[in-house]
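In: Mind folding the following:
(chains A and B)
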Amino acid sequence: MTPEVSPLVILIAAIFTNNILLANFLGMCSFLACSTKIQTALGLGAAVIFVMTTTTAINYGVYHGLLVPLGLKYLQFIVFIAVIAAFVQFVEMFVERFSPPLYHALGIFLPLITVNCAILGASLFMIIRNYTFLQSVAFGFGGGAGWTLAIVLMAGLRQKMGYSSIPRPFQGVAITMVITGVMAMIFMGFAGMVTIQ
Amino acid sequence: MADSPPIACAPCAGGLCGGKGKETLNEGIWKSNPIAIQVLGVCSALAVTNRLENSLVMGVALIFVCVGTNLFVSLLRDVTPRRIRMIAEVAIIATFVIVFDQILKAYHWEMSKQLGPYVGLIITNCIVMGRAEAFALQNPPIVAMVDGFANGVGYAIVLAIIGFFRELIGTGKVMGETILSGDWYTPNQFMILAPGAFVALGFLIALFNVLSGANKPQEEDKR
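Out: Below is the predicted model:
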């Protein structure tokens, strides 16, 4: 990844062409579990956008400011997950203390996010693709937004799906997978728009 | 395997039951297969299965991490304070993942590059964490290792099946060897692209539902 690619391009690409869920398969667990209601999906999505944007920024600083100079690159996995867990814990406490309404809206989703592989995945992609700081933040935000878009769309579809008769073996997760596949195909239609590696 | 006698305690899907090696194996590989039945850890199952070779390496990685984690979580289960057990589990998992990642980088650089971030993402794979939490914390080390192995194998088998069909249909090859070729077969690129992964897993889960008798008729559900 060359540094010339503008963060805006990365942002658009992360939402549409390289959607973190539909193209990179990250965050499937919470996607399957929490995509039954649009309201829940929106709440979780908002939390993911926030945490993903901030943790990619923090992890960028930690990786390039601490791990690389010290020659501890191989510790990146454990450091990243620790940063994410600590950050989520901190945000939870902060929100609970200063904004109880927001805590009730987002609070229940925050613990779920620590184990959301999309968050860790965004940080790892950032390292693998050699993003600059601005590119990383754009990627974190775009990744979160793309994930939210996918889960909200899916929640809408699943609400409609309640009225259709699905072959018995496909009920539940199986049909969700197939529909996600169709959705991924639709998103591939954006592929000509922008491309990032 | 399908016609093995039913396990008495099927409802406890967490695998808390038994403690006997054979039942634990059956539970992990077949009865509550982590991917096809419990639908855990599907991210990597979708991401690396575009080639059979990748799927097999990923399966080995998960078996390694799962066995190691379960062993150590089980060994430390009496001295780990309950409140910090999650952090302890994550630290143990991450250690094994780092070890595997370093080995892969040292001896199979090409493979390591192809798997990209997905080896690191084993840390957040729900299977490993789930088994540590649901099984290793309550069981002695040996049984815990068997359980880790069983779940790892269950995962690896499903990955191998998906990887085999996606590579075969998508490129006409198996492990890089051309099997289907000539003018009668045009590789269907769809299967090695992202949507193919979702559809393939969806159909596999449906197949497992048929074979295992899950999603039974309504009357039985109401009981």
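
In: Show me which positions of the top helix by length along chain A end up buried.
Out: Ranked by residue count under DSSP state H, the longest helix found in chain A is helix A:133-161. Buried positions in helix A:133-161, judged by neighbour count with 16 or more other CB atoms under 10 Å in any protein chain shown: A:135-155, A:157-158. All C-beta atoms are positioned from the backbone trio N, CA, C, and that covers glycine.

In: The spatially most central residue of chain B: what's it in contact with?
Out: Central residue of chain B (CA atoms, centre = their mean): B:Tyr155, 2.1 Å from the mean position. By CB atoms under 8 Å, 6 or more residues apart in numbering or on different chains, the contact set of B:Tyr155 is B:Asn33, B:Pro34, B:Ile35, B:Gly41, B:Ala45, B:Gly59, B:Leu62, B:Ile63, B:Cys66, B:Ile127.

In: Go back to those and keep what's next to chain A.
Out: B:Gly41 (CB under 8 Å from any CB of the partner chain).

In: So which of the contacts of B:Tyr155 is surrounded by the most neighbours?
Out: The most crowded member of the contacts of B:Tyr155 is B:Cys66, carrying 34 neighbours; neighbours defined as other CB atoms under 10 Å in any protein chain shown.

In: how about that one, secondary structure?
Out: helix (DSSP: H, G, I helix; E, B strand; the rest coil).

In: Helix or strand: which one has the residue nearest to the centre of chain B?
Out: helix B:141-171 (DSSP states H and E).

In: How about A:Ala47?
Out: With DSSP H and E as the criterion, the answer for A:Ala47 is helix A:38-62.

In: Which residues does stretch A:101-111 contact?
Out: So stretch A:101-111 is contacted by A:Cys34, A:Gly43, A:Leu44, A:Ala46, A:Ala47, A:Val51, A:Val88, A:Val91, A:Glu92, A:Val95, A:Glu96 (CB under 8 Å, 6+ apart).

In: switch the cut-off to 7 Å
Out: Under the contact criterion CB atoms under 7 Å, 6 or more residues apart in numbering or on different chains, stretch A:101-111 has outside partners A:Gly43, A:Leu44, A:Ala46, A:Ala47, A:Val88, A:Val91, A:Glu92, A:Val95, A:Glu96.

In: same thing with stretch B:33-51?
Out: By CB under 7 Å, 6+ apart, stretch B:33-51 touches A:24-26, A:28-29, A:32, A:117, A:173, B:13, B:32, B:54-55, B:58, B:115, B:118, B:121, B:125-127, B:130, B:151, B:154-155, B:158-159, B:162-163, B:166-167, B:170, B:192, B:197-198, B:201, B:204-205, B:208, B:212, B:214.

In: Filter those down to the ones in strands?
Out: Using DSSP state E, the subset of those located in strands is empty.

In: Inside helices: which ones of these?
Out: Per DSSP H, the contacts of stretch B:33-51 map to helices at A:28-29, A:32, A:117, A:173, B:54-55, B:58, B:115, B:126-127, B:130, B:151, B:154-155, B:158-159, B:162-163, B:166-167, B:170, B:197-198, B:201, B:204-205, B:208, B:212.

In: Give me the buried subset of those.
Out: The buried subset of the ones in helices among the contacts of stretch B:33-51 (16+ other CB under 10 Å) comprises A:28-29, A:32, A:117, A:173, B:54-55, B:58, B:115, B:126-127, B:130, B:151, B:154-155, B:158-159, B:162-163, B:166-167, B:170, B:197-198, B:201, B:204-205, B:208, B:212.

In: Show me what from chain B comes close to chain A.
Out: Within chain B, the positions adjacent to chain A are B:39-40, B:42-43, B:46-47, B:90-91, B:94, B:97-98, B:102, B:116-117, B:120-121, B:123-124, B:126, B:129, B:194-195, B:197-199, B:201-202, B:205-206, B:209-210, B:215 by CB under 7 Å from any CB of the partner chain.

In: where's the residue lying farthest from the centre of chain B relative to B:Leu76, distance?
Out: When distances to the mean C-alpha position of chain B are computed (CA atoms, centre = their mean), the maximum falls on B:Asp183, with 36.7 Å. Remark: distance between B:Asp183 and B:Leu76 (CB to CB, to the nearest Å) = 61 Å.

In: secondary structure class for B:Val79?
Out: coil.

In: And it, how far from B:Phe72?
Out: Distance from B:Val79 to B:Phe72, by CB to CB: 12 Å.

In: Comparing these two, which residue is more hemmed in?
Out: Counted by other CB under 10 Å, B:Val79 and B:Phe72 do not tie: B:Phe72 has more neighbours, with 22 against 7.

In: show me what contacts that one?
Out: B:Ile92.

In: Which helix or strand contains it?
Out: Judged by DSSP H and E, B:Phe72 forms part of helix B:52-75.

In: contacting residues around the helix or strand that that helix is followed by?
Out: Once the chain leaves helix B:52-75, the next helix or strand it forms, by DSSP H and E, is helix B:85-107. The contact list for helix B:85-107 (CB under 7 Å, 6+ apart) reads A:74, A:77-78, A:81, B:61, B:64-65, B:68-69, B:72-73, B:76, B:80, B:111-112, B:119-120, B:122-123, B:128-129, B:132-133.

In: same deal with stretch A:32-43?
Out: Stretch A:32-43 has contacts (CB under 7 Å, 6+ apart) with A:44, A:105-106, A:109, A:151-152, A:154-156, A:158-159, A:173, A:176, B:39.

In: Check the model's average confidence along it for me.
Out: The pLDDT scores in stretch A:32-43 average 84.

In: Low-confidence bits of the chain, can you list those?
Out: Let's take chain A. Residues of chain A meeting the criterion pLDDT under 70: A:1-3, A:107-108, A:195-197.

In: that's the wrong chain, I wanted chain B
Out: B:1-20, B:182, B:214-223.

In: follow-up on the earlier one: of all the contacts of stretch A:101-111, which two lie farthest apart?
Out: The most widely separated members of the contacts of stretch A:101-111, counting by CB to CB, are A:Leu44 and A:Glu96 (17.6 Å).

In: Who has more neighbours out of the two?
Out: Per other CB under 10 Å, whichever of A:Leu44 and A:Glu96 has more neighbours is A:Leu44, with 28 against 14.

In: quick one, what contacts that one?
Out: A:Ser30, A:Cys34, A:Phe109, A:Ile151.
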